[in-house]
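Output the structure for:
(4 chains)
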2 protein chains.
Amino acid sequence: METAFEIIAEPNRRAILSLLVSSEQSVGEIERQLRMTQPAVSKHLRVLRDAGFVESTVDAQRRLYRLKPEPFREIDEWLAQFRRFWSAHVDALERYLDRMDEPTSAKGKSTKGKPSKTNARPKPRTNKGESK
Amino acid sequence: METAFEIIAEPNRRAILSLLVSSEQSVGEIERQLRMTQPAVSKHLRVLRDAGFVESTVDAQRRLYRLKPEPFREIDEWLAQFRRFWSAHVDALERYLDRMDEPTSAKGKSTKGKPSKTNARPKPRTNKGESK
DNA sequence: TCCAAATATTCCTTGACACGTATATACTCC
DNA sequence: GGAGTATATACGTGTCAAGGAATATTTGGA
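Coordinates of the predicted model:
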């Protein structure tokens, strides 16, 4: 277990992370919502903490876990190199961006422009053999 | 081997994908650049193709592999829910965006504004027990 | 038709990891 | 300080995927 990518490969861990987006949660709360055994939850949280995805606070006998941003950025940065690529499919990109823009409230204030709308793809290619 | 997340958990596969960003490549080319054995490359490509990350074209005895965008979008969409979260750390966000902007050439033309600069985080929290 | 080059597939072994059960540790309250 | 709650850890087990070696398959060319 090393990279952030290996960590999020596990479905239960992704579920835990998704749960923590809304707010911090205790082990027991996670256990109930995800219908997992308590040791399973604790073990996944251990892995997540070691990898920097979460941190914990002691509250009586409970431990409250909450997200930490760094590993997510790491993944996002890796993904960035492909973002340039998939932007080539402009129509789909537009749909994607439309969904992304102002998902909650967030008004105006947008500066800087999008992360690169450039078409970095060389040739459109004329498929000849095509897959398989 | 099912989800896109499991696919990119493997370092060699991530390396292959990164290679293919620049242009399509044959198995032999990948083999040499990554110093992997030929069967290893073929096997990983098989997995990548089954998962929709790449497609192949026949060129004489060679197979040319190139990227397909869909699975990357899937990952990105999962990541999106956390993007709102990590945006809370504004200062760090700014650094991040500065790195993102116009990574290659890509001039002006920016519309629509960034994918959400919103601070969706409830309380800044006053750490009391702090990690571990 | 036979050979060589490029790639795919099969078989086998090994190691990692997710899970469950049982147990240990920590903390609260009476 | 003993009982109860909440969480962590230890241990044993089964599964599955990655890697290597050997072999099959496909295609081009003499």
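
So which residues of chain A form helices?
Under the criterion DSSP state H, chain A contains helices at A:4-7, A:11-22, A:27-34, A:38-50, A:70-86, A:90-100.

Comparing the ones you listed, which comes out most buried?
Comparing the helices of chain A by mean neighbour count (mean count of other C-beta atoms under 10 Å in any protein chain shown), helix A:4-7 comes out on top with a mean of 20. Every C-beta, even on glycine, is put in place using the N, C-alpha and C of the backbone.

follow-up on the earlier one: determine which of the helices of chain A approaches B:Leu17 most closely.
With C-beta to C-beta, the closest approach to B:Leu17 among those belongs to helix A:70-86: 7.2 Å.

tell me what that closest one is packed against?
helix A:4-7, helix B:11-22, helix B:70-86, helix B:90-100 (3 or more C-beta pairs under 8 Å, 6 or more residues apart in numbering or on different chains; DSSP states H and E).

Contact residues of chain A facing DNA strand C?
A:1-2, A:6, A:9-10, A:12, A:36-37, A:39-40, A:43-44, A:47, A:58, A:60-61 (C-beta under 7 Å from any atom of the strand).

at 10 Å what do you get?
A:1-3, A:6-7, A:9-13, A:15, A:34-44, A:46-47, A:58-63, A:132 (C-beta under 10 Å from any atom of the strand).

hang on, the earlier thing: need the helices and strands packed on helix A:70-86 in TSV with distance to B:Val54 and mean pLDDT, can you?
Formatted as TSV, those follow (distance: least, C-beta to C-beta, whole Å; pLDDT from 0 to 100):
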stretch	distance to B:Val54	mean pLDDT
helix A:4-7	17	98
helix B:11-22	7	97
helix B:70-86	9	92
helix B:90-100	25	54
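
could I get those helices as CSV with distance to A:Glu24?
CSV is the format used below for these (distance: least, C-beta to C-beta, whole Å):
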stretch, distance to A:Glu24
helix A:4-7, 19
helix B:11-22, 31
helix B:70-86, 12
helix B:90-100, 20
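
follow-up on the earlier one: quick one: which of the helices of chain A is nearest B:Ser23?
The minimum distance between B:Ser23 and these falls on helix A:70-86, with 10.6 Å, by C-beta to C-beta.

I'd like to check the angle between that closest one and helix A:38-50, please.
70 degrees (axes from the mean of the first three to the mean of the last three C-alpha atoms, to 10 degrees).

Quick one: neighbours of A:Tyr65, just the number.
Look at A:Tyr65: counted by other C-beta atoms under 10 Å in any protein chain shown, it has 25 neighbours.

Please name the bridge partners of it.
Counting by DSSP bridges, A:Tyr65 is bridged to A:Gln25, A:Ser56.

Now do the same contact list for it.
A:20, A:24-27, A:30, A:45, A:48-49, A:54-56 (C-beta atoms under 8 Å, 6 or more residues apart in numbering or on different chains).

One more: A:Leu48?
A:7, A:13, A:16-17, A:54, A:65.

out of these, who's nearest B:Asp76?
Checking these against B:Asp76 with C-beta to C-beta, the nearest one is A:Leu17 at 15.3 Å.

Against B:Gln38, how distant is the closest one?
Taking C-beta to C-beta, to the nearest Å as the measure, A:Leu17 falls 37 Å from B:Gln38.

do the same with A:Tyr65
Distance, A:Tyr65 to B:Gln38, by C-beta to C-beta: 45 Å.

Then A:Gln38?
Plainly put, A:Gln38 is 47 Å away from B:Gln38 if you go by C-beta to C-beta.

DNA strand D contacts on chain A?
A:6, A:9, A:25-32, A:37-47, A:49-50, A:56, A:58-65, A:129.

My read is that A:His44 contacts A:Ala15, right?
No. Applying C-beta atoms under 8 Å as the test, A:His44 and A:Ala15 come out as separate, 9.1 Å apart.

residues near the closest residue to A:Asp50 other than its chain neighbours, how many?
In space, and not counting its chain neighbours, A:Asp50 is closest to A:Met1: 7.6 Å by C-beta to C-beta, 6 or more residues apart in numbering or on different chains. A:Met1 has 9 neighbours, counted by other C-beta under 10 Å.

follow-up on the earlier one: what's the closest of the helices and strands packed on helix A:70-86 to A:Ala80?
Among those, helix B:90-100 comes nearest to A:Ala80, with 6.8 Å by C-beta to C-beta.
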